[in-house]
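[1] Test case, fold it:
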Amino acid sequence: MTDVLIVGAGPAGLSAAISCAERGLKVTVVDEFMKPGGRLLGQLHQEPNGTWWNGIEESAKLQNKAVSLGVDIKLGISVYDIKQSAYGWIVYTSSGVQEVPALLLATGAAETAAPIPGWTLPGVMSIGAAQVMTNVHRVRVGMRGIIVGINVLSIAIARELQLAGIDIAAMVLPAKNILNKDAGDPQKVMQSMLRLGHLAPSPILRLGSGLMRYSPLQTWGLRLYPKHGFKIWGIPIQLRKAALAIEGEEKVESVQLAELTPDGEIVAHSKRSVPVDFVCMAGSLYPLAELAAVAGCPFRFIPELGGHVPLHNAQMQTPLNGLFVAGNITGIESAKVAAAQGTVAGISIAAFHKASGTDVELQRAVEHVRAMREQALIQFHPQVAEGRRHIETMYADA
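    Have a look, this model is predicted:
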């Protein structure tokens, strides 16, 4: 019999498993993927101090520590139903049914695409799929491609694809439609891009992005934005161009681009086709929270956290007895924040099991999450700290 079942072997789930096991609990982790690590597996980037963050290595460290503490990690297993019981939780999986007193959902996030005509052709994939294919499976997704969608996620992964020897012809906006209103708006995309100015490889670009944070300059900045965009790591970032359609008979052959006005309207007679053999669609991320819904957990809509999230407090507790959440299911943030949340959840679960000495540890762990958030190199949503305060206040008032 296990003391806690953790669904999700990403940074949050593995960190929680370690935290629980260190406090004497028997822990089982299940994940539907064939390797532990979750989104860590695809991550590869350079930190400001020059060191490289290798997600595969970080995942291996967490896995090895968890296994050394006796954590049972079961892979290739899906969870499809959850029911509350007098004992705790009945969890239905593809390998059988298990009843546990405590359950942690660390299911992470999923991608939303920015659809345009032709996006179902072979050779079109989400930006996250390209990351996994390249960094995890070591499979080149193509020789020359275009990324449709300019945001935090796509810029980071564009660099990873480039490091694998893949030519990124351009990063462009999707054409505006009912689903792509913000993603296809040059001014809104520019505002989100300015938050990434500190990552620019050139001091001139960093200075320019700092000056452009002043709203009166942003309109002028868009009007004067170079026709072929600015280049970061040699990749053209084209805020004034949009992908209208992906073209090809049986697979991707080209992308039809058009120039945009500062307001995001298509410039007449500016359409042209650019030959490529793959396209990455880069939308946004949202909390993968279906299992929490199945469990009957109440939700709140918090845009700053990425959408609908399970109601929870800073200790990663939900209003349902014995049900905990951690990681991107609670809001879209970095892997480092997710891991810190996992540690909090593990201590909370230990306290749920009446482990001694958890009060001070829990407070320190909660403060560590906040510190990691403040130090984060990239914020997916600029008001994430405000979103966290909102959800914690809602939990207290529930």
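
[2] what ranges do the helices span in this protein?
    Secondary structure of the chain (DSSP state H): helices at 11-22, 55-68, 127-135, 152-163, 186-194, 203-211, 215-223, 290-294, 335-352, 358-375, 384-397.

[3] what about residue 40, neighbour count?
    27 (other C-beta atoms under 10 Å). Every residue, glycine included, has its C-beta placed from N, CA and C.

[4] Kindly report the same for residue 391.
    Using other C-beta under 10 Å, the number of residues around residue 391 comes to 21.

[5] same thing with residue 276?
    The number of residues packed near residue 276 is 23, by other C-beta under 10 Å.

[6] what's near enough to touch it?
    By C-beta atoms under 8 Å, 6 or more residues apart in numbering, the contact set of residue 276 is 142, 144-146, 169, 252-255.

[7] What of residue 267?
    Contacts of residue 267 (C-beta under 8 Å, 6+ apart): 258-261.

[8] any idea which of those is closest to residue 370?
    Set against residue 370, the nearest of the contacts of residue 267 by C-beta to C-beta is residue 260 (39.4 Å).

[9] Is that closest one in contact with residue 242, as I believe?
    Yes - using C-beta atoms under 8 Å, residue 260 is in contact with residue 242, at 5.4 Å.

[10] what do the two both touch?
    Shared contacts of residue 260 and residue 242 (C-beta under 8 Å, 6+ apart): 173, 266.

[11] circling back to that earlier point, in strands only, show me the contacts of residue 276.
    Counting by DSSP state E, the contacts of residue 276 place 144-146, 169, 254-255 in strands.

[12] Would you mind finding the most buried of the helices of the chain?
    Counting by mean count of other C-beta atoms under 10 Å, helix 11-22 has the highest mean neighbour count of the helices of the chain, with a mean of 29.

[13] from what I can see residue 175 touches residue 255, true?
    No - at 11.0 Å, residue 175 does not count as touching residue 255 under the criterion of C-beta under 8 Å.

[14] Have a look at those two and say which one is more surrounded.
    Taking neighbours as other C-beta under 10 Å, residue 175 and residue 255 compare with residue 255 leading, 26 against 23.

[15] Provide a list of residues in contact with that one.
    So residue 255 contacts 146, 148, 172, 243, 245-247, 273-274, 276, 279 (C-beta under 8 Å, 6+ apart).

[16] now the ones in strands among the contacts of residue 276: which count as buried?
    By neighbour count, with 16 or more other C-beta atoms under 10 Å, the ones in strands among the contacts of residue 276 hold 145-146, 169, 254-255 as buried.

[17] can you list the residues you listed in CSV and add distance to residue 104?
    Converted to CSV, those look like this (distance: C-beta to C-beta, whole Å):
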residue, distance to residue 104
145, 38
146, 40
169, 43
254, 46
255, 42
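
[18] I figured residue 171 was touching residue 156, is that so?
    No - between residue 171 and residue 156 there is no contact under C-beta under 8 Å: 11.6 Å.

[19] Could you give the separation of stretch 129-140 from the chain centroid?
    Here stretch 129-140 shows a centroid-to-chain-centroid distance of 16 Å under the convention C-alpha atoms, centre = their mean, to the nearest Å.

[20] Pull out the buried positions in stretch 327-334.
    327-334.

[21] partner residues bridging residue 308?
    Listed beta-bridge partners, residue 308: residue 301 (assigned using DSSP bridges).

[22] got a list of what it touches?
    Neighbouring residues of residue 308 by C-beta under 8 Å, 6+ apart: 286-287, 289, 299-302.

[23] circling back: among the buried residues of stretch 327-334, which one sits closest to residue 55?
    Distance ranking of those against residue 55, using C-beta to C-beta, places residue 334 first at 11.3 Å.

[24] Relative to residue 340, how far out is the closest residue in space to the closest one that isn't next to it in sequence?
    Ranked by C-beta to C-beta, 6 or more residues apart in numbering and with sequence neighbours excluded, the top spatial neighbour of residue 334 is residue 376, at 5.1 Å. Here residue 376 is placed at a distance of 11 Å from residue 340 (C-beta to C-beta, to the nearest Å).

[25] And for residue 137?
    Remark: distance between residue 137 and residue 340 (C-beta to C-beta) = 28 Å.

[26] Show me the contact partners of stretch 16-27.
    For stretch 16-27, the surrounding residues in contact (C-beta under 8 Å, 6+ apart) are 1-4, 6, 29, 62, 65-66, 69-73, 104, 106, 324, 326, 342-347, 349-350, 353, 355, 358, 365.

[27] same question for that stretch, mean pLDDT?
    What stretch 16-27 shows for mean pLDDT is 97.

[28] That one spans what distance, first to last residue?
    One end of stretch 16-27 sits 9 Å from the other (C-alpha to C-alpha, to the nearest Å).

[29] And it, how far out from the chain middle?
    With C-alpha atoms, centre = their mean, you get 25 Å for stretch 16-27.

[30] Next: stretch 355-365.
    Centroid displacement of stretch 355-365 relative to its chain, using C-alpha atoms, centre = their mean, is 28 Å.

[31] Stretch 60-74 now?
    Its chain's average C-alpha position is 23 Å from that of stretch 60-74, according to C-alpha atoms, centre = their mean.

[32] Next: stretch 118-127.
    When distances are taken as C-alpha atoms, centre = their mean, stretch 118-127 is centred 20 Å away from the chain's centroid.
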